[in-house]
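In: let's see this in three dimensions:
(chains A and B)
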Amino acid sequence: MSGPRPVLVVIPCWNEARNLGEVVRGLRAARGGDDIVVVDDGSTDGTAAVARELGCRVVELPLHLGYGAAVQAGVKYGLRRRHAAVVTFDGDGQHDPADIAPLLAAVADGADLALGSRFLADGSYRGGLDRRVGRALFSVLSRALTGLALTDPTSGLKALGARGQALFALARFPDRFPDADALVLARRSRLVVAERPAHMRPSLNRASMHGGTRAVTYTFNMLMSLLVAALGREADLRG
Amino acid sequence: MPIRQKVFFLTIAVMLLLVILELVRRRRLRVEYSWLWLASGMTIVLLILRYDLLLWLTDLVGAVIPTSTLFFFCILYLALLSLNYSVRLSALTRQVKELAQEVALLRADHEEDRTRA
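Out: Next comes the predicted model:
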């Protein structure tokens, strides 16, 4: 890898004590040279202790801040240690470590932000009808707003180059739902965005993220967030 | 406005002003927020002493009775006040998030220093 430090894999976790061991072992088996930092987003099940036992570096947030803020904390950690590339990797076991290499290759080729897309992979993951409709909607919207034909803007598997990391560390970075709106921001600050296939497994933690009644508020917040990202002033992008 | 009403409302307004001043004096209310509350209290006093101002305002906005003018502006004022609170809450949320991240990052630095030593 180019740069002074190896790759940093950021694993944002909220109550993933049961899954974390498997995720970390999978990562180490596939990518031994990478540093791993677990961001514990105010878990109540001892996730941080499990991460320490596994020998990971731990950023333990004193409060539950939400997925975006946890990812952001991990990226800030990487920035302070001057990692050439930061990978975000979900703690619930749905990402495959083998998909990291193509994302890092994209970053090495000049992308500031590389996304793992489950729809570019064969044996495509589908999800329920509501999820497919929601994703199609965001896909169309983010395409209209960014001009990027991305298939999976809500992907949590990302690789960030130096400029991508700087974007994620911004004070105004959307810290609740950093999906399509983050891409709008990335586009507006003229970052190069790439997409590579990623193989998603069913999450080990069924209750995670955007399930159930939260879908409606998620959709609304996401739409608002997209709009705000699209209407924001250029000057805001400096932080 | 009958004199009885005037005395009653003036008493309330003056008490409100005194409470605000006392809160500021005891540092329970920050000085930079107090002007808004002082201005609110003064407006009440002004409207009691100069009822004709309310009548003029009623005429200006095209309302029929002064009571509705009063209620309308009260509700508008309260709505703007809550909007102001939402803005402050958003700022506080961002500040708390950044502080929490900073605490976690410093703790991580500290732990790594200790394991290295």
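
In: contacts and neighbour counts: CA atoms only from here.
Out: Noted.

In: compute the distance between A:Ala17 and B:Ile75, please.
Out: Distance, A:Ala17 to B:Ile75, using CA to CA, to the nearest Å: 50 Å.

In: before we move on, what about A:Gly93?
Out: For A:Gly93 relative to B:Ile75 (CA to CA), the value is 51 Å.

In: neighbour count for those two, which is higher?
Out: In this view A:Gly93 and B:Ile75 are compared by other CA atoms under 10 Å in any protein chain shown, and A:Gly93 has more residues nearby, 22 against 11.

In: what does the model give the more buried one for pLDDT?
Out: pLDDT recorded at A:Gly93 is 88.

In: check the one 10 residues further on too.
Out: On the pLDDT scale, A:Leu103 is placed at 95.

In: wait, it touches A:Gly161, no?
Out: No: look at A:Leu103 against A:Gly161 with CA atoms under 8 Å: they stay out of range, at 10.3 Å.

In: measure the residue nearest the centre of chain A to chain B for me?
Out: Central residue of chain A (CA atoms, centre = their mean): A:Gly156, 3.4 Å from the mean position. Distance, A:Gly156 to chain B, by CA to the nearest CA, to the nearest Å: 20 Å.

In: from A:Arg188, how far out is the nearest residue to A:Leu191 once chain neighbours are set aside?
Out: Among residues not flanking A:Leu191 along the chain, A:Asp112 sits closest, at 5.8 Å (CA to CA, 6 or more residues apart in numbering or on different chains). As judged by CA to CA, A:Asp112 and A:Arg188 stand 13 Å apart.

In: re earlier: what about the residue nearest to A:Leu191, how many neighbours?
Out: So A:Asp112, with other CA under 10 Å, has 24 neighbours.

In: report the buried residues of the lowest-mean-pLDDT helix or strand in chain B.
Out: Ranked by mean pLDDT, DSSP states H and E, the weakest helix or strand in chain B is helix B:31-49, scoring a mean of 84. Buried residues in helix B:31-49, defined by neighbour count with 16 or more other CA atoms under 10 Å in any protein chain shown: B:Ser40, B:Gly41, B:Met42, B:Ile44, B:Val45, B:Leu47, B:Ile48.

In: with distance to B:Arg30 added, can I get these in CSV?
Out: Output for these, formatted as CSV (distance: CA to CA, whole Å):
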residue, distance to B:Arg30
B:Ser40, 16
B:Gly41, 17
B:Met42, 19
B:Ile44, 22
B:Val45, 23
B:Leu47, 26
B:Ile48, 28
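
In: ok, so of those, who is nearest B:Thr93?
Out: B:Ser40 (27.5 Å; CA to CA).

In: who are the contact partners of that closest one?
Out: B:Ser40 sits next to no residue when contact means CA atoms under 8 Å, 6 or more residues apart in numbering or on different chains.

In: any idea how far B:Ala63 is from it?
Out: For B:Ser40, the distance to B:Ala63 - CA to CA - is 22 Å.

In: and B:Trp37, by the same measure?
Out: From B:Trp37 to B:Ala63 the distance is 26 Å (CA to CA).

In: right, is the helix or strand containing B:Val96 up against chain A?
Out: Assigned by DSSP states H and E, B:Val96 belongs to helix B:66-116. Yes: counting by CA under 8 Å from any CA of the partner chain, chain A has neighbours in helix B:66-116: B:Arg94, B:Lys97, B:Ala100, B:Gln101, B:Val103, B:Ala104, B:Leu105, B:Arg107, B:Ala108, B:Glu112.

In: report the buried members of the residues you listed.
Out: So, by 16+ other CA under 10 Å, the buried ones in those are B:Lys97, B:Ala100, B:Gln101, B:Val103, B:Ala104, B:Leu105, B:Arg107, B:Ala108.

In: need the contact partners of stretch A:93-104.
Out: A:19-20, A:22-23, A:26-27, A:30-31, A:85, A:87, A:89, A:114-116, A:157-159, A:195-204.

In: which ones are touching the residue of chain B found nearest chain A?
Out: Nearest residue of chain B to chain A (CA to the nearest CA) works out as B:Ala104 at 5.1 Å. Taking CA under 8 Å, 6+ apart as the criterion, B:Ala104 is in contact with A:Val59, A:Glu60, A:Leu61, A:Pro62.

In: which one (most neighbours) among those residues?
Out: Busiest of the contacts of B:Ala104 [other CA under 10 Å] is A:Val59, holding 30 neighbours.

In: correct me, but it touches A:Gly42?
Out: No: between A:Val59 and A:Gly42 there is no contact under CA under 8 Å: 10.2 Å.

In: show me chain B divided up by domain.
Out: B:1-49, B:66-117 (automatic domain parsing).

In: lowest mean pLDDT across the ones you listed, which one is that?
Out: Looking at the domains of chain B, the bottom one is domain B:1-49 with a mean of 87.

In: how far does that domain stretch from start to finish?
Out: End-to-end for domain B:1-49, by CA to CA: 9 Å.

In: chain B contacts on chain A?
Out: A:Arg57, A:Val58, A:Val59, A:Glu60, A:Leu61, A:Pro62, A:Leu63, A:Leu65, A:Ala69, A:Ala73, A:Tyr77, A:Ala171.
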